[in-house]
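[1] Just the structure for this:
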Amino acid sequence: MFVKPTAIPLRLGVAGDLGSSIDVQRSGFRGTWSDWSVVGIVSYAFTLSPRWEIEPYVGAGAERSILDGAEGMMSRHERATLGVVRGGVFVRVRTGRYSIGGTLGVDATIGTPTYTKSPSGTKVFEVPPFALTLGFMAAADLGN
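    Numbers count the residues shown, from 1 in each chain. Okay, here's the model as predicted:
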């Protein structure tokens, strides 16, 4: 969700992402890892033609990392709150109050943990420090 607080094409917004879960089976651990994040975003739109816009953005926020499963006969539930920095670009075509387009972005997660097996220290799962996203967007301008 974005708001445009001034007449210039600057937008302030918040993005929420639900990551898909990944099956983790390594070193006697069986379970899943998933994440979700909330990121504050600032963007600036450049008009390429009366209908086309390109809008680079940057942002920062928090990501929640969740590892659940079993290590041998013991349940294991790990949680970590991490910092995330995001940058990317929206490209869209406007059709009146609606617009459609695509997005390309990169997330860098700060302080990613490596989950290990106790007491041996064998790596079970390492949280990815970078993510590349490619997506489709549809928007409605509620200010018109």
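[2] quick one: least confident helix or strand in this structure?
    None of the helices or strands of the chain scores lower by mean pLDDT, DSSP states H and E than strand 2-3, at a mean of 82.
[3] Can you list the neighbours in contact with that strand?
    With C-beta atoms under 8 Å, 6 or more residues apart in numbering as the contact definition, strand 2-3 has outside contacts at Arg11, Leu12, Gly13, Ile41, Ser43. C-beta: built from backbone N, CA, C; applies to glycine.
[4] Generate TSV for those, with pLDDT, secondary structure and distance to Arg86 as supplementary columns.
    Converted to TSV, those look like this (pLDDT from 0 to 100; DSSP: H, G, I helix; E, B strand; the rest coil; distance: C-beta to C-beta, whole Å):
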residue	pLDDT	secondary structure	distance to Arg86
Arg11	89	strand	14
Leu12	93	strand	14
Gly13	92	strand	11
Ile41	96	strand	7
Ser43	94	strand	11
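[5] just those residues now: which is nearest Tyr57?
    Ser43 (3.7 Å; C-beta to C-beta).
[6] Please name the nearest non-neighbouring residue to that closest one.
    Excluding the flanking residues, the one nearest Ser43 by C-beta to C-beta, 6 or more residues apart in numbering is Tyr57, at 3.7 Å.
[7] Next, count neighbours for the one you found.
    Around Tyr57 sit 21 other residues, with neighbours defined as other C-beta atoms under 10 Å.
[8] re earlier: what's the ChimeraX line that selects buried ones from the contacts of strand 2-3?
    For selection in ChimeraX, the members of these meeting the burial criterion (16 or more other C-beta atoms under 10 Å) are listed in this command:
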select :11,41,43
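[9] closest to Lys123 among the contacts of strand 2-3?
    Using C-beta to C-beta, the shortest approach to Lys123 within the contacts of strand 2-3 belongs to Ile41, at 33.1 Å.
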